[in-house]
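Engineer: no sequence for this one, just the structure:
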């Protein structure tokens with residue numbers, strides 16, 4: 001079988017296609033024949049060696065993470081044999097290959113007829129969007145600002161904010177095309193965050209301030225997002241795509257604002273049962289047509305370096321899929 005690894009940090013060219021024996025599922029594992037794999041932006045930063053936190057630190061050579069949709073081909077001891085032949089989705093730290101091993105508890109059973117893009121969002125992308133929103137404790141009718149609203153997580157967060165009862169959803173993105181895309185996902189207003197006066201535009205669109213901000217950019221965007229919060233507003237940070245973690249001046253919090261962080265890994269480690277509940281809830285939204293993941297492009301496994309170039313260009317609308 002084929003798989004992708006990188007043996008040194010660097011640009012997309014370090015990604016290597018290797019031929020290896022097919023893996024054999026061990027106790028509690030299942031083997032999935034991949035139909036499609038959702039690529040993650042965070043891997044472009046890991047590949048360059050930009051993230052060195054304990055949560056993400058791994059030795060080289062390193063695989064790529066992703067969300068796999070496919071059919072169970074084999075199961076290990078103690079795994080349910082009835083899963084064989086079943087279409088499933090799962091998040092994996094070693095996702096880019098023809099065959100992927102995952103632990104049975106991490107499987108999401110894909111409902112019949114669900115499109116491949118939305119199926120691939122159920123294990124991780126949609127739970128991140130849902131978890132970040134819930135960390136902001138939005139009340140029905142409140143205003144939610146979603147940064148990077150055309151991205152793989154952002155466009156799902158726009159939809160879910162509406163599902164959870166947001167009164168107004170404001171999307172930010174860097175181009176007119178991305179803002180049009182975000183409006184198509186349900187955003188009520190769009191703001192180009194490359195404009196110097198974007199905070200003033202957000203305040204104008206929110207009648208003075210927003211109640212919840214979702215930010216995965218970090219740096220200056222995160223810092224200036226504090227200025228658009230209404231009294232008792234909450235900012236949720238769940239990434240740093242800019243490569244800058246940024247700092248929060250304590251004095252800015254005196255204006256009745258709060259900041260919290262969100263990590264899906266940390267959330268599920270604290271409450272393992274949360275994963276099952278979130279995936280059941282999100283699957284329900286998907287089957288009812290309330291949640292749909294957009295697919296920007298499908299590329300073959302052999303073009304994984306091009307997938308990373310596309311992610312780093314920030315040009316995609318929704319998800320980029322790899323097809324083995």
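Structural biologist: Received the coordinates, thanks. All values reported here derive from a predicted model rather than from experimental measurement. Residues are numbered from 1 along each chain as shown.

Engineer: Name the nearest residue to residue 229, sequence neighbours excluded.
Structural biologist: In this structure, residue 229 finds its nearest non-sequential neighbour in residue 257, 4.7 Å apart by C-beta to C-beta, 6 or more residues apart in numbering. Glycine gets a C-beta too; all of them are placed from N, C-alpha and C.

Engineer: do residue 294 as well
Structural biologist: residue 318 (3.0 Å).

Engineer: tally of neighbours for the residue nearest to residue 229?
Structural biologist: Counted by other C-beta atoms under 10 Å, the residues lying close to residue 257 total 21.

Engineer: where's the residue nearest to residue 294 relative to residue 62, distance?
Structural biologist: 26 Å (C-beta to C-beta, to the nearest Å).

Engineer: next one: residue 304
Structural biologist: 13 Å.

Engineer: Who has more neighbours out of those two?
Structural biologist: residue 304 (22 against 18).

Engineer: element containing that one, please.
Structural biologist: Counting by DSSP states H and E, the element that carries residue 304 is helix 304-313.

Engineer: all helices for this protein, in order.
Structural biologist: 42-47, 116-121, 125-135, 154-163, 176-184, 198-205, 219-225, 250-253, 264-270, 273-287, 304-313 (DSSP state H).

Engineer: possible to save these as TSV with distance to residue 35 and mean pLDDT?
Structural biologist: As requested, the helices of the chain are exported to TSV (distance: least, C-beta to C-beta, whole Å; pLDDT from 0 to 100):
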stretch	distance to residue 35	mean pLDDT
helix 42-47	20	92
helix 116-121	7	96
helix 125-135	17	97
helix 154-163	20	98
helix 176-184	25	97
helix 198-205	39	96
helix 219-225	35	90
helix 250-253	46	76
helix 264-270	23	89
helix 273-287	17	95
helix 304-313	16	96
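
Engineer: Of all those, which one is nearest residue 69?
Structural biologist: helix 116-121 (4.8 Å; C-beta to C-beta).

Engineer: Identify all contacting residues around the closest one.
Structural biologist: 35-38, 67-69, 87, 89, 108, 110, 152, 156, 282, 286, 291-295, 318-319, 321 (C-beta atoms under 8 Å, 6 or more residues apart in numbering).

Engineer: Can you say which of the residues you listed are buried?
Structural biologist: 35-38, 67-69, 87, 89, 108, 110, 152, 156, 282, 286, 291-295, 318-319, 321 (16 or more other C-beta atoms under 10 Å).

Engineer: count of residues packed around residue 315?
Structural biologist: Neighbour number of residue 315 under other C-beta under 10 Å is 16.

Engineer: And for residue 269?
Structural biologist: 10.

Engineer: any idea how far it is from residue 263?
Structural biologist: 9 Å.

Engineer: again with residue 201
Structural biologist: 30 Å.

Engineer: Which parts of the stretch 1-150 of the chain are strands?
Structural biologist: 2-6, 15-19, 29-38, 66-75, 87-92, 99-103, 108-109, 143-146 (DSSP state E, counting those that start in this stretch).

Engineer: so which of the ones you listed comes closest to residue 221?
Structural biologist: strand 143-146 (10.8 Å).

Engineer: Contacts only, for the residue nearest to residue 66 when sequence neighbours are not counted.
Structural biologist: Using C-beta to C-beta, 6+ apart and skipping residues adjacent in sequence, the residue nearest residue 66 is residue 95, 3.1 Å away. Shown in contact with residue 95 (C-beta under 8 Å, 6+ apart): 34, 37, 63, 64, 65, 66, 67, 68.

Engineer: try residue 5
Structural biologist: Contacts of residue 5 by C-beta under 8 Å, 6+ apart are 15, 16, 18, 61, 62, 63.

Engineer: Then residue 48?
Structural biologist: Residue 48 touches 9, 10, 11, counting by C-beta under 8 Å, 6+ apart.

Engineer: Same check on residue 127?
Structural biologist: With C-beta under 8 Å, 6+ apart, residue 127 has these contacts: 264, 275, 278, 279, 282.

Engineer: try residue 25
Structural biologist: With C-beta under 8 Å, 6+ apart, residue 25 has these contacts: 31, 74, 75, 76, 79, 101.

Engineer: With distance to residue 184 and neighbour count as extra columns, can I get these in a markdown table?
Structural biologist: Formatted as a markdown table, the contacts of residue 25 follow (distance: C-beta to C-beta, whole Å; neighbours: other C-beta atoms under 10 Å):
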| residue | distance to residue 184 | neighbour count |
| --- | --- | --- |
| 31 | 38 | 22 |
| 74 | 41 | 19 |
| 75 | 40 | 18 |
| 76 | 43 | 16 |
| 79 | 40 | 22 |
| 101 | 37 | 20 |
